[in-house]
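1. quick one: sequence and predicted model below, then my questions.
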Amino acid sequence: MESLHYAIALSGGIGTGKSTVASLLRLYGFEVIDADFIAHRLLKEKQKEVVDLFGEGILKEGEIDRKSLGARVFGDPKERARLEALLHPPIRQEILQKAQKLEAKAFPYFIDIPLFFEKRDDYPMVNQTLLIYAPRKLQVERIKKRDSLSMEEIEARLGAQMDIKEKVPMAHYILSNEGNLNDLTQEVERLIETIKKDFHV
C-alpha cells in the first residue's frame, strides 16, 4: 500500500496522557482516528469468538469485563497474542479505510494507535509519528490514580509496551506531558504550529 501522506501516528505509553492530547487535537479541528474506539466496538461484535478463546470467566453480567480480560492478556504474552490475532487485522483494515478518506482532504490528521511503535511493521504506510512522553515514574502515578490497579498489574501493563525512552529516537514529533493541563495545552498549540508549517497548510 502506498504511503499515507497526511497521516501522523499518535502514540505514547499507558499513563502518558495520549487520550487527553487526542481530545485537544480534536478541539483544534484535527481529525483523529481512534484505534482503541474501534477495538472496543470489535470486542463487543466478536464477543462470542473472544469467549471461545478465553472462557466465560471474562464475562460480567453477560458482557466482556475488560478488566478481567486485561488481567488475562497482560499476564501472559501468549494469551495477548491470541487476542491480537483476532482483533488486530480488522482494526488495521478499518483504520486504513478511514485514513484513505481523510487523505482526500489534503490536510494532516492523526491515527491514535497506542502500540504503534511496537506494531510498526503493520503500518509501513504511516511515515510521521507523534510521541506523547512522560517519565515512567509519572506513568505509574497516573495509572494508579486512574485505574485503581495493583503495582503488579501496572508493571504487567508497562511490561507489555516498549519502554517510553526507547520510543523517543523513533518519533518525528515529541510532546512532553509532565505538567498540568494548561502546560499540555500550550505544548499542543506549539506542536500544531510546527505541523502546519511542515505540511504547508
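-> Good, I have the coordinates. Residues are numbered from 1 along each chain as shown.

2. so for stretch 185-195, what gets flagged as buried?
-> 187-188, 191-192, 195 (16 or more other Cβ atoms under 10 Å). Backbone N, C-alpha and C define where each C-beta goes, glycine included.

3. same check, this time on stretch 36-56
-> In terms of neighbour count (16+ other Cβ under 10 Å), stretch 36-56 has its buried residues at 38-39, 42-43, 46, 50, 53-54.

4. try stretch 119-131
-> Within stretch 119-131, the residues scored as buried using 16+ other Cβ under 10 Å are 120, 122-123, 126, 128-131.

5. give me the element the residue nearest the centre of the chain is part of.
-> For the chain, the residue sitting closest to the mean C-alpha position, by Cα atoms, centre = their mean, is Pro114 at 1.9 Å. For Pro114, there is no helix or strand it lies in under DSSP states H and E.

6. for it, which residues are in contact?
-> Under the criterion of Cβ atoms under 8 Å, 6 or more residues apart in numbering, the neighbours of Pro114 are 11-12, 14, 18, 35-36, 161.

7. now, among these, which is nearest to Lys67?
-> Within the contacts of Pro114, proximity to Lys67 (Cβ to Cβ) peaks at Ile14, which comes in at 14.1 Å.

8. ok, now how distant is the closest one from Gln128?
-> For Ile14, the distance to Gln128 equals 22 Å [Cβ to Cβ, to the nearest Å].

9. can I get the buried residues of stretch 185-195 in JSON lines with distance to Leu181, secondary structure and pLDDT?
-> JSON lines is the format used below for the buried residues of stretch 185-195 (distance: Cβ to Cβ, whole Å; DSSP: H, G, I helix; E, B strand; the rest coil; pLDDT from 0 to 100):
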{"residue": "Glu187", "distance to Leu181": "11", "secondary structure": "helix", "pLDDT": "96"}
{"residue": "Val188", "distance to Leu181": "10", "secondary structure": "helix", "pLDDT": "97"}
{"residue": "Leu191", "distance to Leu181": "15", "secondary structure": "helix", "pLDDT": "97"}
{"residue": "Ile192", "distance to Leu181": "16", "secondary structure": "helix", "pLDDT": "97"}
{"residue": "Ile195", "distance to Leu181": "20", "secondary structure": "helix", "pLDDT": "97"}
